[in-house]
Structure formats: C-alpha cells, structure tokens
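K.L.:
Quick one: sequence plus predicted model below, questions after.
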There are 2 protein chains.
Amino acid sequence: MKFCSACGAFVDQRVPAGDTLPRYICDGCETIHYENPKLVVGCIPEWGDQILLCRRAIEPRHGFWTLPAGFLENGESASAGAVRETLEEAEARVEIGEMFSFYNLTHINQIYVMFRARLLDLNFRPGTESLEVKLFTEEEIPWNEMAFRTVGETLKHYFADRKRGAFTLHMGDMPPPPSPY
Amino acid sequence: MKFCSACGAFVDQRVPAGDTLPRYICDGCETIHYENPKLVVGCIPEWGDQILLCRRAIEPRHGFWTLPAGFLENGESASAGAVRETLEEAEARVEIGEMFSFYNLTHINQIYVMFRARLLDLNFRPGTESLEVKLFTEEEIPWNEMAFRTVGETLKHYFADRKRGAFTLHMGDMPPPPSPY
C-alpha cells in the first residue's frame, strides 16, 4: 500500500496512538487503513458414501483436486458463501450442515472454514474454474493430487470421523509449507 | 474507495471479466481491490462457575458489558487473537478451549467467533479499553447492559449448555438491529 484509497495522498506505516501494531496511515486525511485476514469458505458435498471433488482449471494448483471453496464476500454468511462457491465451481446444489474444519494459515493471512454438506442432486458439472467434477469413494480419493493441504487434512479427518461414527469440529494451524504450495 | 492504494490513480466500480460482483478497479494499473468480511475473535473466560466480563471504556457502547473480543490481526490465529484481546481488555491470561459460537453479521461484514477459555489466575484489571473488569455468576450477569447482541446470545447459550452438561458450537445469523446497536 502506497496511497490513501480515500484521498489519494501518500500513506506512511507507523503505530497509531493507542494502538500496538504499525498500520498504513494517510499523510493527508489521517485515515488508518487496517488489513485483516480473509476467510475462505467451502464444503464437503456428500452423496451416500461419496464426496464431490473439483479438478482446478485455474492457478494456483491447476489440474489438482479440491473441495469447492473460495473467499467469503461482503454481505454473505459463511454457509451462503460455501453454497455459492459449490454452485460456481461444480454447478452443484448443496444444503450446508455442521462446521467441520477451521484452519489458520497465518503465513498468508487466511482462515479456512469447511462445512459438511448434503449434495441435493446429481446435475453437477464443471464450472468455469473446474476441469472436471466427480464423486469419489474413500478408496478412490486422489490423495497425491490434492490442491491444498487444508483440503487433504479435512478429508483425512472426515473419513476418520465417519469410520468412528461421530463428526467433530477440527481446528488447527497450517504452518508455512516447505514448497510454495 | 476513490483512489488506488497501489498507484494513486482513480478507481472505478465494475464487474471484472470472469467475475460476478462489482469490484473497485484501478483506471491506471488495473489492480482489483477486493473487500471481504472481517473476523472478530474473543472468548468466555471461565473461573469456576463465574465468567469474566469487561465494561467498555470506548465507543461503540461505552459503559456496557462485553466479553473480551476484537478484530483478528494479520499473521495471527483465531485463538491467538482471542488471547491477545483478553490480555488487552482485561489484562487477563487465558487458555483457549473449544470454539463455542460463530455469528454472521452480514450487514456490517463481520463474523464473530467466540471460544470457551480457562482463566489462569485472578490478576486481571481493566486494560485501557475497559472501565471495569469483573467475574459474574449466571445470576449476576447484567443482561440489560450487554454491549452487543453477539455477546448476550453467546452467554445465553453458554449457561443453557452448562445446565444440560454439554457444550456445542452455536452458529447463527445476526440480522440488522432495530437500533444502531
């Protein structure tokens, strides 16, 4: 950030009075521009013992498999965001259930929230951001072709919980990866 | 938003190619400036059958009671944010437990996440944003002096869950209020 989005003057990074962290502050109108983590919301669409995955048609991780998920928009609840992303990426209709996983990705200022979801019909097909959309049993999951660690971790916990017959919320921190992905 | 924070040129609101919502886009460098909801994180500090509340020394809701909570910062996990806010507002040390409530406030683009927490000692005192910090039993809670609906709802569910001996995650939408608060 170099310029004030309110008045166009230069911004400066310093700790405002009464605050503890450096913020971008406008040299002209003195507006403080806070920056905060973003929420990524998505779901695990269930159809019997199968799970719907999308193969990404976009970067990052083009060609890899993911659960439908994306940035929460202003004016949108977390579950509404998960419904929208599933419709956009898989043209699939879901009913959102319980929150299933919550991961902190502090190195990229993101929080991932994934919900369990009931797939409502089989009229899904790839949205513009997907190459392919497909139902998988546990045995068929392409574990080595997962787009994101949050998705792999969520699915691992999902199948483990299903095996023991009880789903709980999984919270955790996802440390910086060894590679960029 | 009137100016691009990257280059200082004017921004324009329109739907980018391949997108579905209007965004602020720079007339000069074409940077797209996304705006997303912010997370407010806090906790319910428990000491035996008592709960720690703070009386606000700042607006909004100066003089009203709240659970310690505030905006999550970049680089911070949700539970670390709740610990920090509790230290700032009540100078109290807590150990964060399970997620207890998750509220969508779509009219102000905020999501509230509150955790159960164990107060570690009794050396708390008002931080600069609090007038008073105090332990309350259920009977003593000042229900008519709650700062925010998210706090009142969280406490109601908390005491109901405690009574039945089982805590669960409470998710919900908080509609626009009849009054500004």
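P.N.:
Looks like it came in fine.
K.L.:
from here on, contacts and neighbour counts on C-alpha atoms
P.N.:
Noted.
K.L.:
How about the contacts made by the nearest residue to residue A:159 once chain neighbours are set aside?
P.N.:
Closest residue to residue A:159 apart from its sequence neighbours, by CA to CA, 6 or more residues apart in numbering or on different chains: residue A:138 at 7.1 Å. When contacts are counted by CA atoms under 8 Å, 6 or more residues apart in numbering or on different chains, residue A:138 touches A:49-50, A:159.
K.L.:
right, is stretch A:102-114 up against chain B?
P.N.:
Yes - interface with chain B: stretch A:102-114 contributes A:104-109 (CA under 8 Å from any CA of the partner chain).
K.L.:
What is the longest strand that chain A contains packed up against?
P.N.:
If each strand of chain A is counted by residues according to DSSP state E, the longest one is strand A:94-105. On a contact count with 3 or more CA pairs under 8 Å, 6 or more residues apart in numbering or on different chains; DSSP states H and E, strand A:94-105 meets helix A:78-90, strand A:110-119, helix A:149-164, strand A:170-173.
K.L.:
Return the residues of chain A in contact with chain B.
P.N.:
Proximity of chain A to chain B, by CA under 8 Å from any CA, involves residues A:1-9, A:35-39, A:71-78, A:104-109, A:173.
K.L.:
Now with 7 Å, please.
P.N.:
Neighbours of chain B within chain A, by CA under 7 Å from any CA of the partner chain: A:1-8, A:35-38, A:72-77, A:104, A:106-107, A:109.
K.L.:
out of the residues you listed, which are inside strands?
P.N.:
Counting by DSSP E, the part of these found in strands is A:38, A:104.
K.L.:
just the buried members of the residues of chain A next to chain B?
P.N.:
A:2-8, A:36-38, A:72-77, A:104, A:106, A:109 (16 or more other CA atoms under 10 Å in any protein chain shown).
K.L.:
any idea which residue of chain A is furthest from its center?
P.N.:
Distance from the C-alpha centroid of chain A peaks at residue A:28, with 36.5 Å (CA atoms, centre = their mean).
K.L.:
so which helix or strand takes in that residue?
P.N.:
Here residue A:28 sits in a region with no helix or strand, counting by DSSP states H and E.
K.L.:
how close does it sit to residue A:34?
P.N.:
16 Å (CA to CA, to the nearest Å).
K.L.:
Over to residue A:101?
P.N.:
Remark: distance between residue A:101 and residue A:34 (CA to CA) = 27 Å.
K.L.:
Neighbour count: these two, which is higher?
P.N.:
Just comparing residue A:101 and residue A:34: by other CA atoms under 10 Å in any protein chain shown the higher neighbour count belongs to residue A:101, 24 against 12.
K.L.:
Hmm, that one is touching residue A:168, no?
P.N.:
No - counting by CA atoms under 7 Å, residue A:101 sits too far from residue A:168 to count as a contact (8.5 Å).
K.L.:
who touches both of these two?
P.N.:
Common neighbours of residue A:101 and residue A:168, counting by CA atoms under 7 Å, 6 or more residues apart in numbering or on different chains, are absent.
K.L.:
Outline the domain layout of chain A.
P.N.:
A:1-35, A:38-173 (automatic domain parsing).
K.L.:
The first one - what's its average pLDDT?
P.N.:
Which is domain A:1-35. Here domain A:1-35 scores 94 as its mean pLDDT.
K.L.:
The longest one too?
P.N.:
Predicted confidence along domain A:38-173 averages 98 (mean pLDDT).
K.L.:
hang on, the earlier thing: as JSON lines, the helices and strands packed on strand A:94-105 with mean neighbour count and distance to residue B:96 would be great.
P.N.:
What follows is these, written out as JSON lines (neighbours: other CA atoms under 10 Å in any protein chain shown; distance: least, CA to CA, whole Å):
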{"stretch": "helix A:78-90", "mean neighbour count": "24", "distance to residue B:96": "23"}
{"stretch": "strand A:110-119", "mean neighbour count": "23", "distance to residue B:96": "17"}
{"stretch": "helix A:149-164", "mean neighbour count": "16", "distance to residue B:96": "22"}
{"stretch": "strand A:170-173", "mean neighbour count": "17", "distance to residue B:96": "12"}
